[in-house]
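A.B. asks: structure, please.
(2 chains)
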Amino acid sequence: MDNLYSLTAHKLKELIEKNGLDPSKILQDLFKRIGALDDKIKAFVLVNKNKTFEAHKSPSAKNRGKLSGIPIVIKDNICVKDELTTCASKILEGFRPPYDATVVRKLKEEGAQLIGKANMDEFAFGSSCETSCYGPTYNPWDLTRIPGGSSGGSAAAVASDQTILAIGSDTGGSIRQPAALCGVVGLKPTYGRVSRYGLIAFASSLDQIGPITKDVTDGAILLSVIAGHDEMDSTSVDLPVPDYTNALIKDVKGLRIGVPKEYFIKGIDAEVYSSVKKAISILKDLGAIVAEISLPHTEYAVSTYYIIAPAEASSNLARFDGVQYGFRDKTSKDMIEMYIQTRHKGFGKEAKRRILLGTYCLSSGYYDAYYLKGQKVRTKIKEDFEEAFKRCDCIVTPTSPTPAFKVGEKTEDPLSMYLSDIYTIPANLAGLPGISIPCGFSKEGLPIGLQILAKPFDEETIFRAAYTFEQNTDFHKRKPVL
Amino acid sequence: MKIIDKKAVQHVAFLSRLALDDSESEEYCAQLESILSYIEKLNEIDTKNVQPTTHALSSLKNVFRKDTLGPSLDVEAVLKNAPSREGVFFKVPQVIESLGKASGSDLKMHRRVEGE
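C.D. replies: Numbering: from 1, shown residues only, chains lettered A, B, ... in the order given. Here you go, the predicted model:
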């Protein structure tokens, strides 16, 4: 039999429920695996060995939740009561939240085993997991490369079988891009589908929490648990939550798939291009109706994002001032100096860069030229999708223009780093759901991801298309050699 | 033409309550210049009659709830994370010099109210 750590949540659920597998065996297996790999990959900022075991001592068979006994890793920007939650930033040094994020509460209620916190780019600012104050996470497929970001720790942990499930957050591609680069499944739900309560805010109009998993079925199970209205997040939408596993239909006959011509342009890696084209032809062979569509404002998405996201971030990060929690500079004699020194010493380089950029775009005299202009172009980008979805049920694109790049390759050139999110950013600006699933490998053996986008609150179509593709291909079965 | 200069970067740094030394200001100035000139691209689009999108959800409306008492976080649990505290307060360095003494006695008064 396979090692337990290499299995999916739905397979383990079956073993627990039908074969009487003792869930503590999964944990033992997993902690052994983490012990062997953590030094190489550094996906975790915290591994929660003892507490999980303790919490698991008395699993009552009758009260089994949907994730009973299934291990999960939480990105470090999501609050877990009394556990270190730092956003991979020195400024939140020692912070132990007095409450659980809503998603964490739901996971606990369904019996999931929280085994640790995952590394990330500081405050989710990055596409490579290199801006973490703990140092970078490495890609399990090639340890000289980045795992993607910002949820790089979550994706790397799933890809290297150091967890069964993971939770990430996605503001401009932070779930989908690392999922693509690590060869796993990552879903950004529709804005408002999952409560953001307890997610330490980066850009409040773009942020969304979602699952990172080994296959599409696990993604559907996990989303069914975490989705839903929450009165603690007034932007969460009061719509019924379907059982997304019912959407796992192995059939795309008649499904109308749009392929935006603007996504296959200069700058895209040749192997990504051919893998994604091949994936589209597979879907077509399976009965989908494929048509070229146009999203004319695509080339403006990154510019728009790098006004709106830093502007919101600069405002959200104003709360980190050394007064209520986290790091405080103790050398300062007065209040203003304490604020300045705390923030100077507490924030990393990229965080400062985004705070400066955002503050500039919002500052007097520049607000109209940048922030307001960005919001107007956001409208145009949104309208592009509304127009496109009149003609198709979902949109299929590459997730990332290249496979995983080398550690350090883009750290000195922020703009080139920002451009690695060119295919994922539009969905955040328009609030759409999007998934990345494995669709190929480069000659060097690096995973390539396929992105599927759908209308707001139509995650079901995404699951249907993704599941059909997955069940007809083997890319999700390949594992990195570690 | 340059979009942003070192002086503007230092001004924005102060607004953001960040301290930048000379070489940091120069580094950020060059990087912000390159990002902002990329962003200039947006001027290609005519947005004269376009409404701004502040939010992804078009159905969004203000959310109200009944103004009733409910449980809130435990004060001790919240203060556990404070870098410095006094009684049930967050303690910070002095804000205004000449009021140093007065705020001390204010604190005592509050503490009596809290029953400490």
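A.B. asks: nearest to chain A: which residue in chain B?
C.D. replies: Going by C-beta to the nearest C-beta, chain A is nearest to B:A56 of chain B, at 2.6 Å. Any C-beta I mention is one placed from the backbone N, CA and C, and that applies to glycine too.
A.B. asks: which SSE is that residue in?
C.D. replies: B:A56 is located outside every helix and strand, with elements delineated by DSSP states H and E.
A.B. asks: for the closest residue to A:K13 other than its chain neighbours, grab phi and psi.
C.D. replies: Closest residue in space to A:K13, ignoring its immediate chain neighbours: A:I70 at 6.8 Å, by C-beta to C-beta, 6 or more residues apart in numbering or on different chains. Reported as degrees, to the nearest 10, the phi and psi values for A:I70 are phi -90, psi 120.
A.B. asks: how close does A:I70 sit to chain B?
C.D. replies: The gap separating A:I70 from chain B is 29 Å, by C-beta to the nearest C-beta, to the nearest Å.
A.B. asks: so the residue of chain B closest to chain A touches A:S205, yeah?
C.D. replies: Yes - under the criterion of C-beta atoms under 8 Å, B:A56 makes contact with A:S205 at 6.2 Å.
A.B. asks: shared neighbours of the two, anything?
C.D. replies: A:Y191 (C-beta atoms under 8 Å, 6 or more residues apart in numbering or on different chains).
A.B. asks: avg pLDDT for stretch A:209-226?
C.D. replies: Average pLDDT, stretch A:209-226: 98.
A.B. asks: residues near the residue nearest to A:K13, how many?
C.D. replies: Residues contacting A:I70 under the criterion other C-beta atoms under 10 Å in any protein chain shown number 26.
A.B. asks: grab the longest helix from chain B for me.
C.D. replies: helix B:22-39 (DSSP state H).
A.B. asks: what's the answer for chain A, then?
C.D. replies: helix A:23-41.
A.B. asks: could you export it as CSV, CA atoms only?
C.D. replies: Extracted in CSV, the C-alpha atoms of helix A:23-41 (Å, rounded to 0.1, in the frame of the first residue of the first chain):
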residue,chain,number,x,y,z
PRO,A,23,-6.5,8.7,12.0
SER,A,24,-3.6,9.1,14.4
LYS,A,25,-1.7,6.8,12.0
ILE,A,26,-2.0,9.5,9.3
LEU,A,27,-0.5,12.1,11.7
GLN,A,28,2.4,9.9,12.7
ASP,A,29,3.1,9.1,9.1
LEU,A,30,2.9,12.8,8.2
PHE,A,31,5.1,14.1,11.0
LYS,A,32,7.7,11.5,10.0
ARG,A,33,7.6,12.9,6.5
ILE,A,34,7.8,16.5,7.7
GLY,A,35,10.8,15.6,9.9
ALA,A,36,12.6,14.2,6.8
LEU,A,37,11.7,17.0,4.4
ASP,A,38,11.2,20.3,6.3
ASP,A,39,14.8,21.2,6.3
LYS,A,40,14.9,21.0,2.5
ILE,A,41,11.7,22.6,1.5
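A.B. asks: follow-up on the earlier one: quick one: contacts for the nearest residue to the residue of chain B closest to chain A once chain neighbours are set aside?
C.D. replies: For B:A56, ignoring the flanking residues on the chain, the nearest one in space by C-beta to C-beta, 6+ apart is A:G431 at 2.6 Å. The contact partners of A:G431, taken as C-beta under 8 Å, 6+ apart, are A:190-192, A:382, A:456, B:56-57.
A.B. asks: same check, this time on A:L30
C.D. replies: A:L30 makes contact with A:4-5, A:71, A:115, A:162-164, according to C-beta under 8 Å, 6+ apart.
A.B. asks: could you check the pLDDT of the residue most central in space within chain B?
C.D. replies: Central residue of chain B (C-alpha atoms, centre = their mean): B:S16, 7.7 Å from the mean position. We have a pLDDT of 96 for B:S16.
A.B. asks: check B:M109 too.
C.D. replies: At B:M109, the model reports a pLDDT of 42.
A.B. asks: still on that earlier bit, and the residue of chain B closest to chain A, how many residues sit next to it?
C.D. replies: Using other C-beta under 10 Å, the number of residues around B:A56 comes to 22.
A.B. asks: so what's it up against?
C.D. replies: Per C-beta under 8 Å, 6+ apart, neighbours of B:A56: A:191-192, A:205-206, A:382, A:428-431, A:456.
A.B. asks: closest to chain B out of the residues you listed?
C.D. replies: Taking those together and measuring to chain B by C-beta to the nearest C-beta, the closest member is A:G431, at 2.6 Å.
A.B. asks: where does the prediction get shaky in the chain?
C.D. replies: Just so you know, I chose chain A. In the predicted model, chain A carries pLDDT under 70 at residues A:1, A:50-63.
A.B. asks: chain B was what I was after
C.D. replies: Ranges of chain B meeting pLDDT under 70: B:1, B:97-116.
A.B. asks: could you rerun that using 90?
C.D. replies: For chain B, the stretches with pLDDT under 90 are B:1-2, B:54-65, B:70, B:94-116.
A.B. asks: which residues in it form strands?
C.D. replies: B:85-86, B:89-90 (DSSP state E).
A.B. asks: the last one pairs with which strands, parallel or anti?
C.D. replies: Partner strands for strand B:89-90, per DSSP bridges, with pairing direction: strand B:85-86 (antiparallel).
A.B. asks: from the chain's centroid, how far away is the strand it pairs with?
C.D. replies: With C-alpha atoms, centre = their mean, to the nearest Å as the basis, strand B:85-86 stands 22 Å off its chain's centre.
A.B. asks: and if you look at stretch A:197-204?
C.D. replies: 13 Å.
A.B. asks: endpoints of that stretch, how far apart?
C.D. replies: Stretch A:197-204 has an end-to-end distance of 11 Å (C-alpha to C-alpha, to the nearest Å).
A.B. asks: which outside residues touch that stretch?
C.D. replies: Contacts for stretch A:197-204 (C-beta under 8 Å, 6+ apart): A:77-79, A:85, A:87, A:92, A:97, A:99-104, A:123-125, A:169, A:171, A:196, A:207, A:209, A:230, A:232-233, A:235-236, A:308-310, A:312-313, A:316.
A.B. asks: out of the residues you listed, which are buried?
C.D. replies: A:77-79, A:85, A:87, A:92, A:97, A:99-104, A:123-125, A:169, A:171, A:196, A:207, A:209, A:230, A:233, A:235-236, A:308-310, A:312-313, A:316 (16 or more other C-beta atoms under 10 Å in any protein chain shown).
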